[in-house]
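1. Starting from these lines, generate the structure:
(chains A and B)
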Number of protein chains: 2
Amino acid sequence: MAIKIRKATYNDMPDVLELIKELAHFEREPDAVEVTVKELQADGFATNPAFFCLVAEKNNQIQGMALMYMRYSTWKGKVLHLEDLIVKNDARGAGIGTRLFDAVVKYGSKLGVKRISWVVLDWNHTAIEFYKKKGARVLDDWAVVQLDERGIKNYIDNLSQ
Amino acid sequence: MAIKIRKATYNDMPDVLELIKELAHFEREPDAVEVTVKELQADGFATNPAFFCLVAEKNNQIQGMALMYMRYSTWKGKVLHLEDLIVKNDARGAGIGTRLFDAVVKYGSKLGVKRISWVVLDWNHTAIEFYKKKGARVLDDWAVVQLDERGIKNYIDNLSQ
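-> Got it, this is the predicted structure:
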């Protein structure tokens, strides 16, 4: 059965959230997902959407998704960032991930961006080798820093003391 | 002399680009800066700006800047990303960086985002300790992956073969 890649619609967001939750569960952080179907629908399908989403269908069922948005490099200007590429656990090995990734690169190429970026867990050697073979550069000397909701609140509280 | 933090204007972009270039020179990648004043002006001051920029002034001269934009977390929704925070080399140690960083966190707090993120070089222990003390979490198990302009072109060429 053929795989079909298409732009996600407003009504696909429940399926997309299921994929997000499946991955979070796999990463043992099921409670980390705070986003809701309503938020995905409002944020992704507004006049200025916060993201662009592709879905992969097989047997008329959504089996994977790729979610991306523009970032801004002070060296290169507008660049495309792939936030998540998820394939349903029981649909792996059928080439869906590759098809989605191909579509992401095509989308970036069409936009004319000078870079497409994403992140990978540094112990995921299979993925790293795959990306390198595809021509990507893996920068392992940068660390991601996050100030979460509570951190932001504490920071502001300390400022006003 | 007091430090003044304010929103950057269209006419500040030449100064902002100078700061970007100074940092690239310091990082020994002076030729990596492809962005131009015109692009910064067009991208940052459009109807839907690609970034938001703050500048720090002292003696009525721009001594630093912070450039940020929204990203989208599939777990948290809209989050703020600080792409660059630069203080002129000869203006360091005067608290400009801290004042800019305070303003970034205030901006994120005002927007109500659930996260502010940025990256740090993993050998920059001073910065890492500073961020941790401020309540941030440093995720050193993720690597950044980039497919650059040539990589995108090669990828597309291989697809159509």
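2. Could you give the number of residues near residue A:60?
-> Residue A:60 has 7 neighbours, counted by other Cβ atoms under 10 Å in any protein chain shown. Heads up, the C-betas are built off the backbone N, CA and C, glycines and all.
3. so what pLDDT did it get?
-> Residue A:60 is assigned a predicted lDDT (pLDDT) of 92.
4. now residue A:67
-> So, for residue A:67, pLDDT stands at 98.
5. Could you do residue A:1 as well?
-> Per the predicted model, pLDDT is 68 at residue A:1.
6. the longest helix in chain A is where?
-> helix A:96-111 (DSSP state H).
7. Can you point out the buried residues in that one?
-> Residues of helix A:96-111 classed as buried: A:96-97, A:99-109 (neighbour count, 16 or more other Cβ atoms under 10 Å in any protein chain shown).
8. Check the separation of the first and last residues in stretch A:125-140.
-> Distance between the two ends of stretch A:125-140: 12 Å, counting by Cα to Cα, to the nearest Å.
9. what do you get for stretch A:136-151?
-> Stretch A:136-151: ends 33 Å apart by Cα to Cα.
10. what residues does that stretch touch?
-> For stretch A:136-151, contacts defined as Cβ atoms under 8 Å, 6 or more residues apart in numbering or on different chains pick out A:119-120, A:122, A:128, A:131-132, A:155, B:105, B:108, B:114-123, B:128, B:131, B:134-140, B:142-148, B:151.
11. repeat that for 6 Å
-> Contacts with stretch A:136-151, where a contact means Cβ atoms under 6 Å, 6 or more residues apart in numbering or on different chains, come from A:122, A:128, B:114-122, B:131, B:135-140, B:142-147.
12. Weed out the non-buried ones from those residues.
-> Among those, the ones that count as buried (16+ other Cβ under 10 Å) are A:128, B:114-120, B:131, B:135-136, B:138, B:142-147.
13. What residues are bridge-paired with the closest residue to residue A:97 other than its chain neighbours?
-> The shortest distance from residue A:97 to any non-neighbouring residue, by Cβ to Cβ, 6 or more residues apart in numbering or on different chains, is to residue A:87 (4.9 Å). Applying DSSP bridges to residue A:87 gives these bridge partners: residue A:64.
14. What's the local residue count around residue A:87?
-> With other Cβ under 10 Å as criterion, residue A:87 counts 23.
15. cool, residue A:70 as well?
-> As a burial measure, residue A:70 scores 22 neighbours (other Cβ under 10 Å).
16. who does it bridge with?
-> Listed by DSSP bridges, the beta-bridge partners for residue A:70 are residue A:80.
17. List the neighbours of stretch A:45-63 that are in contact with it.
-> Contacts to stretch A:45-63, defined as Cβ under 6 Å, 6+ apart, come from residues A:1, A:3-5, A:8, A:10, A:12, A:15, A:43-44, A:64-69, A:88, A:91, A:96, A:100, A:103, B:48, B:72, B:78.
18. which parts of the helix or strand of chain A with the lowest mean pLDDT are buried?
-> Ranked by mean pLDDT, DSSP states H and E, the weakest helix or strand in chain A is helix A:125-133, scoring a mean of 90. Buried residues in helix A:125-133, defined by neighbour count with 16+ other Cβ under 10 Å: A:127-128, A:131.
19. Whether it contacts chain B - can you check?
-> Yes - with Cβ under 6 Å from any Cβ of the partner chain as the measure, helix A:125-133 is seen reaching chain B through residue A:131.
20. now the angle from that helix to helix A:96-111?
-> Counting by axes from the mean of the first three to the mean of the last three Cα atoms, to 10 degrees, helix A:125-133 lies at 30 degrees to helix A:96-111.
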